[in-house]
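K.L.:
Using only what follows, build the 3D model:
(one chain, ligands or ions: 1)
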Amino acid sequence: MDWWRQAVVYQIYPRSFADSDGDGVGDLRGVISRIPYLAALGIDAVWLSPFYPSALADGGYDVDDYRDVDPQLGTLADFDEMTAGLHARRIRVIVDIVPNHTSNRHPWFREALEAPKGSPARNRYIFRDGLGPDGAQPPSDWVSLFGGPAWARVPDGQWYLHLFAAEQPDLNWENREVRDDFTTTLRFWSDRGVDGFRVDVAHGLAKNLVEPLEPQAGMKDPIDGALPPGTHPLWDRDAVHDIYAEWRQVFNEYDPPRAGVAEAWVHPSRRPKYASPDGLGQAFNFDLLEANWNAGEFLRIITDNLSDAQRQGSSTTWVLSNHDGVRHATRYGLPPEEYRSRDNARKWLLSGGTSPRLERGPGLRRARAALLLVLALPGSAYLYQGEELGLHEVPDIPFELVQDPAHARSRGAEKGRDGCRVPLPWTPGGPSFGFGPGAAHLPQPAWFGPLSVEAQDRDPASTLVLYRQALSWRHKLQTAESMDWMPSTNGQVLHFARPGGWRCVTNFGPGPVPLPNGTVILTSVPVEGNQLPADTTAWLLSS
Ligand code: GLC
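P.N.:
Now for the predicted structure:
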């Protein structure tokens, strides 16, 4: 069976994981130093967010060179040592590939700026003349995903497209040279022993730029299914799959074939193509990133995604948190109507975390219950660094220290994503709670100390210990990719069985419910007697 189908993948955001040299920025030697920690956690793979040379205009998703390590983070030799060390502990390595855009410091973009209009160097990107008599108006009114215009002007008057920050010029994927360069990159890392690739903005590469360009107002969000499939000029066009068919050929040159997982914000009906065995193989299901702590929502999401995955011949992915969103302990601790939409989570962040009031305890309790629920499901699970410590989002980073470009580009309408990217606490004290010998690149709050790895290590009730126990049980119990809902499932309780007698029951309701029959092997909080308290999950073995 393909190793990734039911793998537990731990996402490392390298600049915030562990800093070996005290410059405040996490690095690969920091990861190496924590391999024993990762092995003890019981994960099957790590996914590293970008560690490539970058000016950090977008946290490393602005790549200067796809085939090197940022000197601040280490060297290729460090990368090899890290990979060998992880492999020696049976942990696979997934790296992040960012094909929609390079950084503006990439040699190709520098060359494009120096080259004339219409030159082959400009044709690797998306350059256009502006509108109006002197071309001073952008070629269209498109808005960048981080806010502000999606076109930037260069000194000779032309404009280039950037769907994200201005430092992230979009590549022209109709250019053969661009395509070939990425297959070279995929082979470069595969040859170094990388086991798979997480593909950034996988739905963005193929674009329809036939003029006149469509006005922004007509471009409905492709996710909500309002447009006929594949007709949006920028997102999720069918032609993108030709690219992944080529990538699949590269993946299959290796034994075992290299794995792929698409970050594709598309309508669920369009996910199967990204996840197909002729394409990337797997696609993220982000539904739980947005869901409320609610039995009905979880039931629908689980049922839909498992049946979609079956249809596409792939396995699904469960994601509660990642580097782009508010941590789930926090989402579950805000009043439901407040965290329901991104707008409301945004408001809470902009208030510095003061309004509405965050209920830290209940949020964490629900996060622990959600973890046991998703780890009992068929499919793979992606964990985001720090969630195993039960970390909440850090909402009060002073505005002047915010790094996320979404903050400035939205003119302060967004706080940005730094609150989930604060360097991890490893020890209760020290200049950066054990993150490194010096201060960390983002300020850590005082409440990180008691949540540090060292503080939780030997506390049997800690979230860290719960993660270790859950992953260890999952390894023993995870078998065929199937599950059956038990009759006691209702509007408040989700109860399902896996092959081999493994059962999982979650009580989303406000009061206790009877525990089903069976031997309880793990609970998300201590449980006494035969009642399952509110906001709690139990794993059982059928007796
Ligand atoms: C993806 C990444 C995000 C990044 C964006 C642009 O959505 O997850 O962090 O900002 O792509 O590369």
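
K.L.:
Can you pull the residues of the stretch 251-400 of the chain lying near the ligand?
P.N.:
Contacts of the stretch 251-400 of the chain with the ligand, taken as CB under 6 Å from any ligand atom, map to E263, H323, D324. Just so you know, the C-beta spots here come from the backbone N, C-alpha and C atoms, and that holds for glycine as well.

K.L.:
Among those residues, which one sits closest to G22?
P.N.:
Nearest to G22 among those: H323, at 23.2 Å, using CB to CB.

K.L.:
Which of the three states applies to that closest one?
P.N.:
coil (DSSP: H, G, I helix; E, B strand; the rest coil).

K.L.:
wait, it sits on R421?
P.N.:
Yes: using CB atoms under 8 Å, H323 is in contact with R421, at 5.9 Å.

K.L.:
Are any of the residues of the stretch 251-400 of the chain next to the ligand buried, and if so which?
P.N.:
Using 16 or more other CB atoms under 10 Å as the burial test, those include E263, H323, D324 as buried.

K.L.:
wait, what's in contact with the first one?
P.N.:
Taking CB atoms under 8 Å, 6 or more residues apart in numbering as the definition of contact, the neighbours of E263 are R198, V199, D200, V201, A202, F284.

K.L.:
What separation is there between it and Q249?
P.N.:
From E263 across to Q249, the span is 21 Å (CB to CB, to the nearest Å).

K.L.:
before we move on, what about the last one?
P.N.:
Relative to Q249, D324 is positioned 30 Å away (CB to CB).

K.L.:
what residue is smack in the middle of this protein?
P.N.:
For the chain, the residue nearest the mean C-alpha position is N322 (4.1 Å; CA atoms, centre = their mean).

K.L.:
Just the element for S315, please.
P.N.:
For S315, there is no helix or strand it lies in under DSSP states H and E.

K.L.:
so L540 makes contact with A497?
P.N.:
No: between L540 and A497 there is no contact, the gap being 9.3 Å when judged by CB under 8 Å.

K.L.:
tell me the contacts of S140?
P.N.:
Applying CB under 8 Å, 6+ apart to S140 gives the contacts A150, W151, L213, E214, P215, Q216.

K.L.:
Now with 7 Å, please.
P.N.:
S140 is in contact with L213, P215, counting by CB atoms under 7 Å, 6 or more residues apart in numbering.

K.L.:
average pLDDT for the longest helix along the chain?
P.N.:
Once the chain is assigned using DSSP state H, the helix that runs over the most residues is helix 295-312. For helix 295-312, mean pLDDT rounds to 93.

K.L.:
Next: stretch 63-81.
P.N.:
pLDDT averaged over stretch 63-81 gives 98.

K.L.:
Measure how far it is from the centre of its chain, please.
P.N.:
Distance of stretch 63-81 from the chain centroid (CA atoms, centre = their mean, to the nearest Å) equals 21 Å.

K.L.:
So for whichever residue of the stretch 251-400 of the chain sits closest to the ligand, what's the nearest residue that isn't a sequence neighbour?
P.N.:
In the stretch 251-400 of the chain, the residue that lies nearest the ligand is D324 (4.8 Å; CB to the nearest ligand atom). Distance criterion CB to CB, 6 or more residues apart in numbering; nearest residue to D324, sequence neighbours excluded, is R417 at 5.6 Å.

K.L.:
Do a quick rundown of the strands in the stretch 201-350 of the chain.
P.N.:
For the stretch 201-350 of the chain, applying DSSP state E, counting those that start in this stretch gives strands covering 259-262, 281-283, 317-319.

K.L.:
send the alpha carbons of the first one over as CSV?
P.N.:
What follows is the C-alpha trace of strand 259-262 in CSV, where atoms were taken according to Å, rounded to 0.1, in the frame of the first residue of the first chain:
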residue,chain,number,x,y,z
ALA,A,259,4.0,11.4,-3.4
GLY,A,260,2.2,14.6,-4.1
VAL,A,261,-0.5,16.5,-2.2
ALA,A,262,-2.2,19.5,-3.7
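
K.L.:
Need the contact partners of it.
P.N.:
With CB under 7 Å, 6+ apart as the test, strand 259-262 has contacts from 4, 195-199, 202, 247, 251, 274-275, 280-284, 317.

K.L.:
related to what we said a few turns ago, from L56, how far off is the residue of the stretch 251-400 of the chain closest to the ligand?
P.N.:
Going from D324 to L56 by CB to CB gives 16 Å.

K.L.:
try P443
P.N.:
For P443, the distance to L56 equals 17 Å [CB to CB].

K.L.:
Mind checking which of those two has more residues around it?
P.N.:
L56 (18 against 15; other CB atoms under 10 Å).

K.L.:
so what's G379 scoring on pLDDT?
P.N.:
Here the pLDDT value assigned to G379 is 97.

K.L.:
hmm, I was thinking of T489
P.N.:
Model confidence at T489 (pLDDT) stands at 94.

K.L.:
By proximity to the ligand, which residue of the chain wins?
P.N.:
Here the chain gets closest to the ligand at one residue, Y61, 3.4 Å apart by CB to the nearest ligand atom.

K.L.:
quick revisit: list residues touching both of L540 and A497?
P.N.:
Shared contacts of L540 and A497, defined by CB under 7 Å, 6+ apart, are found at R503.

K.L.:
tally of neighbours for the nearest residue to R34 once chain neighbours are set aside?
P.N.:
With CB to CB, 6+ apart as the criterion, R34 has its nearest non-adjacent residue at 5.2 Å, and that residue is A18. Neighbourhood size, A18 [other CB under 10 Å]: 24.

K.L.:
Likewise for the one 3 residues further on?
P.N.:
As a burial measure, D21 scores 15 neighbours (other CB under 10 Å).

K.L.:
Contact partners for it?
P.N.:
Counted by CB under 7 Å, 6+ apart, D21 has contacts D27.

K.L.:
what do you get for the one 3 residues further on?
P.N.:
The neighbours of G24, taking CB under 7 Å, 6+ apart as the test, are G436, G438, A439, A440, H441.

K.L.:
Please consider this matter closed, and thank you.
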